[in-house]
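**Q** Show me how the following folds:
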Amino acid sequence: MKSLVRAQLCFMMFLEFFIWGAWFVTLGTFLGNNLKATDGEIALAFSTQSWGAIIAPFVIGIIADRYFNAERILGVLHILGGVLMYFMYGTTEFDDFYILVLGYMILYMPTLALVNSVSFNQMKNPAKEFSLVRVFGTLGWVIAGLSISYVFNWDQGINIGDGLLRNTFLMTAIASAILGVFSFTLPKTPPRAATTGKISFKEILGLDSLTLFKDKNFLIFFVSSVLICIPLAFYYQNANPFLVEIGMNNPTGKMTLGQVSEIAFMLLLPYFFTKFGFKKTILVAMAAWVVRYLLFAFGDVNELGFMLIIGIALHGICYDFFFVSGQIYTDSKAGEKFKSSAQGLITLATYGVGMLIGFWVAGKISTAYVINDGEHIWQTIWMYPAGFALVVFILFAIFFKTEKIDYQS
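**A** Numbering: from 1, shown residues only. So this is what the prediction gives:
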């Protein structure tokens, strides 16, 4: 891969995840403090991510694999998303905000598969090359969080009360516009139809990638991806409000420690993946989720503050070893035939169905453990996702058969 192309892909990944991290981490805190949303309403807002992910495979399957270049679709979606983010910046009522965030997520979630498709299309060996590009996405998320906490101080107690977290949506709108325009300069990723000719109705609907379910191991991986995202939803929805509520200073900035560790483990992933194989890599990730939530359950901001920091830092293993490994595994299973729709399919599993259920469950459990003054019984809340992750770990260990991924040198 040429240096210029690699630089373009790295910048694309940086902005893609800067955009997500710039508002999503503090969304629960913003809604609860500034729009006075209930735990149920916060769960409803977070679930828009899942609806977007559920729709994403059809957008990718119908459009990216069939009619238009992936990089052009990426540009259009981010420009439109930037417009919606600007309107979210000026919204003061939850009902209006919900409509806008739902529209935004329907536009944004397909872009996760699109940036992967654009990247994989330029790589001869994704298993070795993709991590070095994807790590810039993590860096983008880190810079967003550090900016919120340490540059602008939008997540500090008095500033939250003054509504300064609203500025995260304006920052995101600007970044979305930049990536939207930049996307049109990316290497061309033409639709598969340009080279394969006539496409069946089944392919037009993006259902061709469902043939991957004939592979028992892939089916087990898909089901496990759905289930592990139930505990993941607890982290996205509750981590920042939890840290704010128990009195941690600069919570958003400190949460970026998870992405810093993600960078380290992203660079270690090719070695670990090659040395120990896909199954062990996934099992390590699942075990890390169990440990993380136990640390959250029993840690505090005083003598046991180190437990919270370790729990945050485990994000590198939790995310990279499961989700990035899963993207590589999916790409290897799909082959050249339907790369884009297969990536959309795994997006459906991880950020769609699983997290839709997870956000609903997290909202119900969080509501059930609210005490009279509006605070939460966090220790009990965190025990639930720890238990969920442990069950998935056991099921995957039993039913997924060890499989060797073919690496190219």
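**Q** Tell me the secondary structure at the nearest residue to Ile19 once chain neighbours are set aside.
**A** Spatially, and ignoring its direct neighbours in sequence, Ile19 is nearest to Ala175 (5.0 Å; CB to CB, 6 or more residues apart in numbering). Every residue, glycine included, has its C-beta placed from N, CA and C. Three-state assignment for Ala175 (DSSP: H, G, I helix; E, B strand; the rest coil): helix.
**Q** neighbours of Ala175, just the number please.
**A** A total of 24 residues lie near Ala175 under the criterion other CB atoms under 10 Å.
**Q** pLDDT below threshold where in this protein?
**A** Applying pLDDT under 70 to the chain picks out residues 57, 59-62, 64-66, 192-208, 336-341, 343-344, 405-409.
**Q** May I ask you to name the longest helix in it?
**A** helix 257-298 (DSSP state H).
**Q** Excluding chain neighbours, what is closest to the residue positioned nearest the centre of the chain?
**A** Nearest residue to the geometric centre of the chain (CA atoms, centre = their mean): Tyr351, 6.7 Å. With sequence-adjacent residues excluded and distances taken as CB to CB, 6+ apart, Tyr351 is closest to Ala53, at 3.6 Å.
**Q** Which other helices and strands does the strand or helix carrying the one you found contact?
**A** In this assignment (DSSP states H and E), Ala53 forms part of helix 39-59. Packing partners of helix 39-59 (3 or more CB pairs under 8 Å, 6 or more residues apart in numbering; DSSP states H and E): helix 27-34, helix 94-121, helix 216-245, helix 339-347, helix 355-368.
**Q** which other helices and strands contact the last one?
**A** Translated: helix 355-368. Here helix 355-368 touches helix 39-59, helix 216-245, helix 378-399, going by 3+ CB pairs under 8 Å, 6+ apart.
**Q** May I see the buried residues of it?
**A** Across helix 355-368, burial judged by 16 or more other CB atoms under 10 Å covers Met355, Leu356, Ile357, Gly358, Phe359, Trp360, Val361, Ala362, Gly363, Ile365, Ser366.
**Q** re earlier: is it true that the residue nearest to the centre of the chain touches Thr111?
**A** No: contact criterion CB atoms under 8 Å: Tyr351 and Thr111 do not qualify, at 11.6 Å.
**Q** Count the neighbours of the closest residue to Phe393 other than its chain neighbours for me.
**A** Excluding its sequence neighbours, the residue lying closest to Phe393 (CB to CB, 6+ apart) is Met286, at 4.1 Å. Counted with other CB under 10 Å, the neighbours of Met286 add up to 25.
**Q** go on, the one 3 residues further on?
**A** When neighbours are defined as other CB under 10 Å, Trp289 has 27 of them.
**Q** Quick one: closest of the helices and strands packed on helix 39-59 to Phe321.
**A** Proximity to Phe321, assessed across these by CB to CB, is greatest for helix 216-245 (11.3 Å).
**Q** List the buried residues for that closest one?
**A** Buried, per 16+ other CB under 10 Å, within helix 216-245: 217-218, 220-245.
**Q** ok, now stretch 178-196?
**A** Buried residues in stretch 178-196 (16+ other CB under 10 Å): Ile178, Leu179, Gly180, Phe182, Ser183, Leu186, Pro187, Thr189, Pro191, Arg192.
**Q** Was I right to think the second one contacts Phe17?
**A** In this case it means Leu179. No: in terms of CB under 8 Å, Leu179 does not count as a neighbour of Phe17; the distance is 10.5 Å.
**Q** Just put the helices and strands packed on helix 39-59 in CSV and tack on distance to Ser261.
**A** Listed next are the helices and strands packed on helix 39-59 as CSV, based on distance: least, CB to CB, whole Å:
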stretch, distance to Ser261
helix 27-34, 22
helix 94-121, 21
helix 216-245, 14
helix 339-347, 23
helix 355-368, 22
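**Q** So which of these is nearest Asn69?
**A** helix 94-121 (9.1 Å).
**Q** Can I get the helix or strand that comes right after the closest one in PDB? Just the C-alpha atoms.
**A** With elements assigned by DSSP H and E, the helix or strand that comes after helix 94-121 is helix 126-146. In PDB, the C-alpha atoms belonging to helix 126-146 read as follows (Å, rounded to 0.1, in the frame of the first residue of the first chain):
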ATOM      1  CA  PRO A 126      -5.800  -7.000   6.200                       C
ATOM      2  CA  ALA A 127      -4.900  -9.300   9.100                       C
ATOM      3  CA  LYS A 128      -1.500  -7.500   9.300                       C
ATOM      4  CA  GLU A 129      -2.200  -4.100   7.800                       C
ATOM      5  CA  PHE A 130      -5.600  -3.200   9.200                       C
ATOM      6  CA  SER A 131      -4.500  -2.700  12.800                       C
ATOM      7  CA  LEU A 132      -2.000   0.000  11.900                       C
ATOM      8  CA  VAL A 133      -4.800   2.000  10.200                       C
ATOM      9  CA  ARG A 134      -7.600   1.300  12.700                       C
ATOM     10  CA  VAL A 135      -5.400   2.500  15.600                       C
ATOM     11  CA  PHE A 136      -5.800   6.100  14.300                       C
ATOM     12  CA  GLY A 137      -9.500   5.700  14.900                       C
ATOM     13  CA  THR A 138      -8.800   5.000  18.500                       C
ATOM     14  CA  LEU A 139      -6.500   8.000  18.600                       C
ATOM     15  CA  GLY A 140      -9.400  10.100  17.300                       C
ATOM     16  CA  TRP A 141     -11.600   8.900  20.100                       C
ATOM     17  CA  VAL A 142      -8.900   9.700  22.700                       C
ATOM     18  CA  ILE A 143      -8.300  13.300  21.300                       C
ATOM     19  CA  ALA A 144     -12.100  13.900  21.500                       C
ATOM     20  CA  GLY A 145     -12.300  12.800  25.100                       C
ATOM     21  CA  LEU A 146      -9.200  14.700  26.200                       C
END
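**Q** Use 52 as the first number for this chain going forward.
**A** Will do, 52 is the new start, and the previous item becomes helix 177-197.
**Q** Show me what helix 177-197 packs onto, helices and strands only.
**A** Right, helix 177-197 is packed against helix 54-72, helix 145-172, helix 302-306, helix 308-349, helix 376-385 by 3+ CB pairs under 8 Å, 6+ apart.
**Q** Many thanks, we can stop here.
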